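Colleague: What follows is a protein structure lacking sequence information:
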């Protein structure tokens, strides 16, 4: 279940402790002004962390530690610019500049520093989405959050002192070098790294970037120098030149993608609109605006954005694929098939394209073709976990074909791989009921409600099981929960609610339930028959 809140109400260390104690897996997203950070958990342990649009200091850390030279780093960055899909660390390893063990140690430190930096955020929002994992290319660690919480608490306390001397990162300091030289004091390693860089022009931000130190280590070193009287504030950095439009586009795009991945769709849409303001017709921004609209159920808006993206990037297969989905949801099946055909041409071996083709085949009633497409999609998954949607439609096809045993096996496997997908539990309940396996159906309902208690259809299915077994009070309770969540769930649930109310001698309530059933399903014969009976006896 997703968790959301404000950092004013719950501090980030408290949230991390809660997730650790609950052994949660997923992504904690944190926003602060125009910054965005992510902390990934794997069964209560931190596996990855990053901050969007914050300079990646891995290279600077390696230079500062004497592992590689500045020239080596510049060469690696040049290679990465030409091959953006490659990770900086992997390039350094391939160039025999770094051992993999050294890379892993520095990445772990980088992840820890990102978490410590997030601890300084006291305003903003957080959101936890279960079962979200980092990108495949990210190096994962396994860090006990308690160790970070202890160190983080110490740093937060010390930040209160540091900020008295370093109130902001745009402060510029000058160094009293003669006094420092005559004092013969012993400098820390961090201070030794900073002293040559303090020139009366660089602000604290620039000193951090140039030294490769983290914010806390640099701040602590400067605090020591300032407290000893070696540093003097000479002002604040001039407002930086207005960032280029290209740089601003990149910043808004990165934030938008991060928001989208974290399920923060309104925020993602805001950032992509800013991209389009700076670069009208940007195909990637239009593509993501289309994805956001799909996730929010605004399919007309999705079609508009995706068609704009298609005009700019006609060979982008994912755009055609998502356009096909949006059109299918609007019932514009001929247009959807045309978009899907283009996606299939551009992405002939893509499992998602096969799944989309199966859905369109189901919509036109060709279940055998849909079943074949789903099998092809599974074969092209290359060992990756099939999506919850694949299991949903594969189970549906097997059910339509009358193979209930295969449908039950497919849906059971899907529930194991996607425990939070309540629709799979709901479909499994229906299949097990049709098979006469009521105990298995009840178990599927119980598991589904544990994972997704807000799914009305599951409460309705639980009620149906009780109703079939003559446990009417239990059924009444389940049906009441179902219509409380979704009042327009359907005529059948209101019919059975009326029947139970009538059995209890509550004729007026029964009548209202049956009337509601007729409104939702005007052709419902049982509800009409019951209403006629009550009216004749009145």
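Modeller: That came through, no problem. The shown structure was predicted, so the numbers you read here are calculated from the model rather than taken from an experiment. Residues are numbered from 1 along each chain as shown.

Colleague: all helices of the stretch 151-300 of the chain, in order?
Modeller: Here the stretch 151-300 of the chain has its helices, by DSSP state H, counting those that start in this stretch, at 177-183, 189-194, 204-211, 215-227, 245-261, 265-278, 283-295, 299-312.

Colleague: most packed of those?
Modeller: Neighbour counts (mean count of other C-beta atoms under 10 Å) averaged over each of the helices of the stretch 151-300 of the chain peak at helix 283-295, with a mean of 23. (Each C-beta comes from the backbone N, C-alpha and C, glycine too.)

Colleague: Give the rounded mean pLDDT of it.
Modeller: What helix 283-295 shows for mean pLDDT is 94.

Colleague: Can you read off the pLDDT for the closest residue to residue 213 other than its chain neighbours?
Modeller: The shortest distance from residue 213 to any non-neighbouring residue, by C-beta to C-beta, 6 or more residues apart in numbering, is to residue 190 (5.8 Å). pLDDT, residue 190: 87.

Colleague: which residues touch residue 190?
Modeller: Counting by C-beta atoms under 8 Å, 6 or more residues apart in numbering, residue 190 makes contact with 211, 213, 217, 218, 220, 221.

Colleague: Tell me who's in contact with residue 60.
Modeller: By C-beta under 8 Å, 6+ apart, residue 60 lies in contact with 73, 209, 211, 212.

Colleague: Distance of the second one relative to residue 61?
Modeller: What it means is residue 209. Between residue 209 and residue 61 the computed distance is 12 Å (C-beta to C-beta, to the nearest Å).

Colleague: Show me whatever sits in contact with both of those two.
Modeller: The overlap between the contact sets of residue 209 and residue 61 (C-beta under 8 Å, 6+ apart) is empty.

Colleague: Could you pull up phi and psi at residue 51?
Modeller: phi -130, psi 120 (degrees, to the nearest 10).

Colleague: Quick check: it vs residue 120, distance?
Modeller: Using C-beta to C-beta, residue 51 is found at 11 Å from residue 120.

Colleague: For those two, indicate the residue with more neighbours.
Modeller: Legend: neighbour count by other C-beta atoms under 10 Å for residue 51 and residue 120, higher for residue 51 (21 against 16).

Colleague: Bridging across strands, which residues link to the more buried one?
Modeller: According to DSSP bridges, the residues that bridge with residue 51 are residue 37.

Colleague: Tell me which residues touch it, please.
Modeller: Residues near residue 51 by C-beta under 8 Å, 6+ apart: 35, 36, 37, 38, 114, 117, 118.

Colleague: looking at this, residue 28 is in a strand?
Modeller: Yes. Secondary structure assignment places residue 28 in a strand (DSSP: H, G, I helix; E, B strand; the rest coil).

Colleague: what's it in contact with, if anything?
Modeller: By C-beta under 8 Å, 6+ apart, the residues touching residue 28 are 15, 16, 19, 38, 39, 40, 41, 126, 127, 128.

Colleague: Equivalent analysis for residue 432, please.
Modeller: By C-beta under 8 Å, 6+ apart, the contact list for residue 432 reads 408, 438, 440, 441, 444.

Colleague: now swap in residue 250 and tell me
Modeller: If you count contacts by C-beta under 8 Å, 6+ apart, residue 250 has none.

Colleague: For this protein, name the helix or strand with the lowest mean pLDDT.
Modeller: helix 58-64 (a mean of 74; mean pLDDT, DSSP states H and E).

Colleague: quick one: secondary structure of residue 123?
Modeller: coil.

Colleague: likewise residue 128?
Modeller: strand.

Colleague: any idea how far residue 513 is from residue 506?
Modeller: Counting by C-beta to C-beta, the separation of residue 506 from residue 513 is 9 Å.

Colleague: Of those two, which one has the most company?
Modeller: Per other C-beta under 10 Å, whichever of residue 506 and residue 513 has more neighbours is residue 513, with 24 against 14.

Colleague: which helices and strands sit right next to the helix or strand in which the more buried one is found?
Modeller: Using DSSP states H and E, residue 513 falls within helix 507-520. In this structure, helix 507-520 makes packing contacts with helix 491-503, helix 525-537, judged by 3 or more C-beta pairs under 8 Å, 6 or more residues apart in numbering; DSSP states H and E.

Colleague: returning to that earlier point: turn the helices of the stretch 151-300 of the chain into JSON lines, including distance to residue 432.
Modeller: Listed next are the helices of the stretch 151-300 of the chain as JSON lines, based on distance: least, C-beta to C-beta, whole Å:
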{"stretch": "helix 177-183", "distance to residue 432": "78"}
{"stretch": "helix 189-194", "distance to residue 432": "63"}
{"stretch": "helix 204-211", "distance to residue 432": "60"}
{"stretch": "helix 215-227", "distance to residue 432": "56"}
{"stretch": "helix 245-261", "distance to residue 432": "35"}
{"stretch": "helix 265-278", "distance to residue 432": "35"}
{"stretch": "helix 283-295", "distance to residue 432": "31"}
{"stretch": "helix 299-312", "distance to residue 432": "33"}
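
Colleague: all strands of the stretch 51-200 of the chain, in order?
Modeller: Ranges of strands in the stretch 51-200 of the chain, per DSSP state E, counting those that start in this stretch, are 125-130, 171-175.

Colleague: Nearest to residue 365, out of these?
Modeller: Of all the strands of the stretch 51-200 of the chain, strand 125-130 sits nearest to residue 365, with 36.1 Å by C-beta to C-beta.

Colleague: What average pLDDT does stretch 71-81 get?
Modeller: Mean pLDDT, stretch 71-81: 83.

Colleague: no no, stretch 141-153
Modeller: Mean pLDDT, stretch 141-153: 84.

Colleague: now the contacts of residue 28 in a markdown table, with distance to residue 492?
Modeller: Below are the contacts of residue 28 laid out as a markdown table (distance: C-beta to C-beta, whole Å):
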| residue | distance to residue 492 |
| --- | --- |
| 15 | 42 |
| 16 | 45 |
| 19 | 40 |
| 38 | 43 |
| 39 | 44 |
| 40 | 42 |
| 41 | 41 |
| 126 | 41 |
| 127 | 36 |
| 128 | 36 |
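
Colleague: Mark which of those residues are buried, thanks.
Modeller: By neighbour count, with 16 or more other C-beta atoms under 10 Å, the contacts of residue 28 hold 15, 16, 19, 38, 39, 40, 41, 126, 127, 128 as buried.

Colleague: Among the helices of the stretch 151-300 of the chain, which comes closest to residue 165?
Modeller: helix 215-227 (4.2 Å).

Colleague: The closest residue to residue 346 other than its chain neighbours: what's it in contact with?
Modeller: Spatial nearest neighbour of residue 346, excluding adjacent residues (C-beta to C-beta, 6+ apart): residue 317 at 3.4 Å. Residues near residue 317 by C-beta under 8 Å, 6+ apart: 342, 343, 346, 347, 350, 353.

Colleague: and residue 317, how far is that from residue 304?
Modeller: Distance of residue 317 to residue 304, computed by C-beta to C-beta: 20 Å.

Colleague: with the contacts of residue 51 in mind, which one is nearest to residue 378?
Modeller: Residue 378 has its nearest neighbour among the contacts of residue 51 in residue 38, at 30.6 Å by C-beta to C-beta.

Colleague: If I look at the closest one, what pLDDT would I see?
Modeller: The confidence metric pLDDT takes the value 89 at residue 38.

Colleague: Just the buried ones from the contacts of residue 432, in ChimeraX syntax?
Modeller: Listed next is the ChimeraX selection for buried residues among those, using 16+ other C-beta under 10 Å:
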select :408,440,441,444
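
Colleague: Return the closest of the contacts of residue 432 with respect to residue 262.
Modeller: If you rank the contacts of residue 432 by distance to residue 262 using C-beta to C-beta, residue 444 comes first, at 30.0 Å.

Colleague: Next, the contact list for the residue minimising distance to the centre of the chain, please.
Modeller: Centroid check for the chain by C-alpha atoms, centre = their mean gives residue 262 as the closest residue, at 2.7 Å. When contacts are counted by C-beta under 8 Å, 6+ apart, residue 262 is found next to 27, 29, 38, 127, 129, 132.
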